[in-house]
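> sharing a model prediction with you, sequence too.
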Amino acid sequence: MGKIHLAQINIGRMKAALEDPVMAGFVARLEDINALADRSDGFVWRLQGGEGNNTYLRPYDDERVIVNMSVWETIEQLRAFVYGCAHAEVLQQRRDWFEKFGGTTTALWWIPKGHVPSVDEAKKRLALLEAHGPTPFAFTFKTPFEAVIAPWPPAPTPTAPAGGTVQGIPRGTI
């Protein structure tokens with residue numbers, strides 16, 4: 001890809017707190033899946049804290065919504081990780097640990113090589129995808145866009161409709 005990388009965010013609403021036995025299977029797999037990502041072809045970066053994961057972050061008002069972000073060299077390499085290795089097994093079990101979400105949970109977008117997206121930027125990309133569908137600013141595996149960097153932020157910045165929600169999160173929380 002050269003000078004362009006792919007960023008991704010995905011969010012999920014846990015069925016219970018991480019310490020709850022309901023989440024034990026998810027928590028047990030975190031370290032191995034994160035290590036697998038770190039070793040995967042095309043992996044560049046992932047959001048993490050002092051313990052090597054980002055489960056402590058709560059960027060939404062809902063304490064059970066967690067976020068995952070990463071950067072990859074190409075969309076093909078991210079797709080191979082998501083759907084073609086042990087991560088796919090965890091993905092198949094997601095309903096054991098996460099509630100069905102009422103909106104968009106994943107967004108992809110192109111970034112300049114070396115850029116590390118912030119959680120705020122990623123939340124805005126997810127909100128844009130929710131509000132307008134796939135665009136060069138935020139898209140999906142199903143509807144990808146050419147690897148070019150769209151100027152950011154687009155105008156106007158999307159907001160939830162009055163009294164509405166974005167990704168099932170009440171207005172004003174993104």
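Sure thing, it's come through.

> when you work out contacts or count neighbours from here on, use the C-alpha atoms and nothing else.
Noted.

> where in the chain is pLDDT low?
Residue ranges of the chain with pLDDT under 70: 1, 50-56, 86-88, 155-174.

> give me that answer again for 80
Residues of the chain that meet the criterion pLDDT under 80 lie in 1-2, 49-58, 85-93, 152-174.

> please enumerate the strands of it.
In the chain, the strands defined using DSSP state E lie at 4-13, 43-46, 65-72, 106-112, 165-166, 169-170.

> for residue 72, give its distance to residue 48.
Plainly put, residue 72 is 15 Å away from residue 48 if you go by C-alpha to C-alpha, to the nearest Å.

> who's more crowded, the two?
residue 72 (25 against 16; other C-alpha atoms under 10 Å).

> so the more buried one makes contact with residue 44?
Yes: at 5.1 Å, residue 72 counts as touching residue 44 under the criterion of C-alpha atoms under 8 Å.

> ok so, going back, looking at the strands of the chain, which is buried most?
The highest mean neighbour count among those, using mean count of other C-alpha atoms under 10 Å, belongs to strand 106-112: a mean of 24.

> what lies in contact with that one?
Contacts with strand 106-112, where a contact means C-alpha atoms under 8 Å, 6 or more residues apart in numbering, come from 3-11, 122, 125-126, 129, 136-141, 147-150.

> quick one: that strand to strand 65-72, angle?
40 degrees (axes from the mean of the first three to the mean of the last three C-alpha atoms, to 10 degrees).

> could you check how far strand 106-112 is from the centre of its chain?
Put simply, strand 106-112 sits 10 Å off its chain's centre (C-alpha atoms, centre = their mean, to the nearest Å).

> stretch 58-66 too?
Stretch 58-66 has its C-alpha centroid displaced from the chain centroid by 13 Å (C-alpha atoms, centre = their mean).

> can you check stretch 15-22 too?
When C-alpha coordinates are averaged (C-alpha atoms, centre = their mean), stretch 15-22 and its chain have centres 20 Å apart.

> now do the same end-to-end measure for it.
Start and end residues of stretch 15-22 are separated by 7 Å (C-alpha to C-alpha).

> buried residues in that stretch?
For stretch 15-22, burial by neighbour count (16 or more other C-alpha atoms under 10 Å) applies to 15, 18, 22.

> distance of residue 39 relative to residue 129?
The value you get for residue 39 to residue 129, if C-alpha to C-alpha is used, is 29 Å.

> looking at those two, which is more packed in?
Using other C-alpha under 10 Å as the criterion, residue 39 and residue 129 rank with residue 129 on top: 25 against 11.
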